[in-house]
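Sequence unavailable; structure follows:
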């Protein structure tokens, strides 16, 4: 809400600087966004009276003017065709600054001294609508009688300041100059002066001109109208145009300007209809009929629905109630008789309609917050008064008022000390009542109970908490002492899940991975990018009804694409090696369409490319995480397949035999889809299940007291034999004395038969109660070798 | 005999002076003290001496032996020390060559900042609560005193799944969920991811992160809210940090406040970071609206509470001087390495 300071001064005095005022207002709840200095870019431009106009001796198109600029008379050369002696014009003197950073200096034009420049409207950044005549080609000829030497900013009201307030949705009353004036008065302790609204006697009787029928009083608790005859549509006076412009509203014509002026001043949106366009001279406030349409003032055709309230005549809608007028009843230059509408419309209804039509207006954004039923009448009279003051027409006596709600103020009763209890203050009841009186709330105290009479423009005040806020903001938030609550001094604790999660993250970063954070919505096409070929097989995903774009329209069911995108981004920025993980939920719908919330499954995804990474480095990281969670022995990896992964390098990860994720090298086609020209490995794990299953209890095991015996075992096996198979046999036959098995070399190539590989193991034997003797170890070792030969066709190398 | 002994001593002392290496020392030991050394050989001749001279000669010879052994030991130690010194000197390396670092990644800056915030509030006795990101309209709006068609819904442009289910626009629905399931006293913080349909730019992201706080008990006051947030701000931004509470409006708190902290960069003098105001807005807060308590089944006459919320991404940006929120979601390794 842009509030020109000079305008608001009509209704209250300002006894501090604008900067101080802005700070003070912010601290009482009207937050100042910006102080706008108007006409800042114009200086040293004054009103001048042209005394004489003479021909330039050496140029046909130039004239030499003698101009009275107050203190002195200066000579100025101009090429403008429209100057005449006796005119008042804007004069940029030597050193003047004009909008656009132009500086005017004295100089010679074709040999004749010129001590400045006469300005056109354009040079002062004025348009025809700002000042009549500003749009013509030539010097701006001033119409009012100003004293020569007067600052042009003062003369044309181009200067001053405006304060832009952020008005919160609970205070629609402050979307007005008087609302802000009231707040200034509260803040500065000055007096608030309501504008004097009085009408001179008019002509005739409105009942002979117009009828109003409200068919849906729930959506329109009050509808008022006045009629103005003999309207002379034309530009409104400069002061009104300047005020509208300074508040950010474009002046149009006197009638429309009056409705906007009243809206800004009082906060009550108004509308004016040409009465000739109201068929049957009857205004009907009703819901739109099926299939009805209207062309609104912004020249767009709008499809109306039955839940929308319209202003209609006996045949057709002429306005969307509280949102925008119709083009069919617009005020034009030919308009002779008008109807002023001032009404109260149901806030949610206006909001719904405005949203459905995609049409927000100064009017709708006020109505949708809930307005004052009493201002409706005041604003209507104010508009009529302005018509009279501006001589814009003849007001018809009387007004129509269809009212179905109470005009009375509400009262609320609260335990007054509750205000102190909420704020942590100990104000006396007198202090409380004094502050409330300042904000316009009358009070009556009986014992513990305070009864407050709430002004009708403060629909937001409902109970003790609201009164507490009024008291606090005037008393000063800064004066509320800081305390720390007493009571149970419970020490905060991280939950088990949080502690584990933190351990996992630290383990991963400790292993050299970077944590990444990515968006949780993605494109439905992403499944194709990660290798799904049949859309029927795409995982079911939660779909956003109003996404920012199709590519961000589903909630992700896998973190894999996000990980690949980050790998790709880094790869394409020439980062040679990248190891990352993300921990965030995936969203798995229980059924579609969604009737209950989807499962949000905390998921860990890892991705790597670069020098030292391969399938096994990634697997090692996962094994480390499993160990950390006490699940090392319960996790197993089985060769598997996944649309995104290399067929030969994919593992399903099982916990106690149940799948909890997968890992592998990314399929070359998927790499290509993500513009990755480097082998990359990824993994995705159901971290939720891992955390839920985690067992981090530790139990000490006695350190060995007897020496170990180490035996190496080099085998040649068929390529298809897996490490897991070999290890299973070794462990099966190793018995109690086999302490550890470690695979330390895999070799294929020279000296190894085609289709075979060599696998070298180091076996550690130990007994906890004695030193093992060779015979005992040899016996077990031989059993292992025999079993490997028999079961897996292994040969010793 | 005595002369011979003296002669050996003299020769030995002279030889000692010239010894320069451990090898020479060994030669010296062999020459004088070895089994076939001069002193040993001489002592073998003792038998031919008269009986009364033997003890005297024996004593002198032992003295010389002890003396030489002692000298030898001292000299050995000195030479060993010198030799070691030389060896180490020859092994000198360039200590300015960069170290061999273990591979180490980093937590995302949002996690680091969140951990810091959690620690501060855990220290004040808060516990951490969480809730779903895909949420019912009821918890996100209605139970927070934002009925359908309330203008406050415009401020938080919402992603909807359907009429009843949406992507939560703030972490506040968790307040209601906790109040429904737990009796006061309640003292929680709620970190989490939230969604608003803002187009992406340097200061907006449709996905960002909040951390929310809620305290409900008997006798909780706005003074407590101010106190807790002041402690928090000082812990996060330094002990000289000041807080400023400005009246504001939120549907779910009354009275409500916006909270500024004095700019940690310029300490209030005014700089680019604080737009030359000396203050940075970081928090929304207020006393829990009685209707919100009522919705959750808590009697607003008996209990009161406060709530606050802040943007984690914004805090991280302020703390690290990051000027574009998009960097947080790009995950360029060179960016992540910095935190």
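Right, received. Where do you want to start? This is a predicted model, so every value here is computed, not measured. Numbering: from 1, shown residues only, chains lettered A, B, ... in the order given.

domains of chain A?
Domain assignment of chain A by automatic domain parsing yields the ranges A:2-38+A:161-188, A:43-155, A:206-403, A:414-456+A:463-479, A:496-693, A:709-796.

among those, where is the model least confident on average?
Of all these, mean pLDDT reaches its minimum on domain A:43-155 (a mean of 89).

for that one, the distance to its chain's centre please.
When distances are taken as C-alpha atoms, centre = their mean, to the nearest Å, domain A:43-155 is centred 47 Å away from the chain's centroid.

Show the end-to-end separation of that domain, please.
End-to-end distance for domain A:43-155: 13 Å, by C-alpha to C-alpha, to the nearest Å.

quick one on the thing from earlier: which of the domains of chain A sits closest to residue B:90?
Between residue B:90 and the domains of chain A, the shortest separation by C-beta to C-beta is 34.2 Å, and it involves domain A:496-693. For glycine as for every other residue, the C-beta is placed from the backbone atoms N, C-alpha and C.

Flag every residue of the stretch 51-200 of chain A that's near chain B.
Counting by C-beta under 8 Å from any C-beta of the partner chain, the residues of the stretch 51-200 of chain A lying close to chain B are A:168-171.

Could I get the contacting residues of the closest residue to chain A within the stretch 1-150 of chain B?
Here the stretch 1-150 of chain B gets closest to chain A at one residue, residue B:103, 3.0 Å apart by C-beta to the nearest C-beta. Each residue near residue B:103 by C-beta atoms under 8 Å, 6 or more residues apart in numbering or on different chains is listed here: A:511-512, A:579.

cool, residue A:735 as well?
By C-beta under 8 Å, 6+ apart, the residues touching residue A:735 are residue A:780.

tell me which element residue B:14 falls in.
Using DSSP states H and E, the element containing residue B:14 is helix B:2-18.

For the closest residue to residue A:67 other than its chain neighbours, grab the count of nearby residues.
Nearest non-adjacent residue to residue A:67, counting by C-beta to C-beta, 6 or more residues apart in numbering or on different chains: residue A:48, 4.1 Å away. Residues near residue A:48, counting by other C-beta atoms under 10 Å in any protein chain shown, number 31.

Could you look up the SS state of residue A:48?
Residue A:48 carries the three-state label strand when classified by DSSP: H, G, I helix; E, B strand; the rest coil.

need the contact list for it.
A:67-69, A:74, A:88-91, A:118, A:148-149.

Excluding its own residues, what touches the helix holding residue B:14? List them.
With C-beta under 8 Å, 6+ apart as the test, helix B:2-18 has contacts from B:24, B:28, B:31-32, B:38-39, B:42, B:57, B:60-61, B:64, B:67-68, B:71-72, B:75.

If any of the residues you listed are buried, put those into a PyMOL selection.
Per 16 or more other C-beta atoms under 10 Å in any protein chain shown, the buried members of the contacts of helix B:2-18 correspond to this PyMOL selection:
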select buried, chain B and resi 28+31+32+38+39+42+57+61+64+68+72+75
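
The contacts of helix B:2-18: which two are farthest apart?
Longest distance between any two of these is 28.9 Å, between B:24 and B:57; criterion C-beta to C-beta.

so which of the domains of chain A gets nearest residue B:151?
Proximity to residue B:151, assessed across the domains of chain A by C-beta to C-beta, is greatest for domain A:2-38+A:161-188 (4.4 Å).
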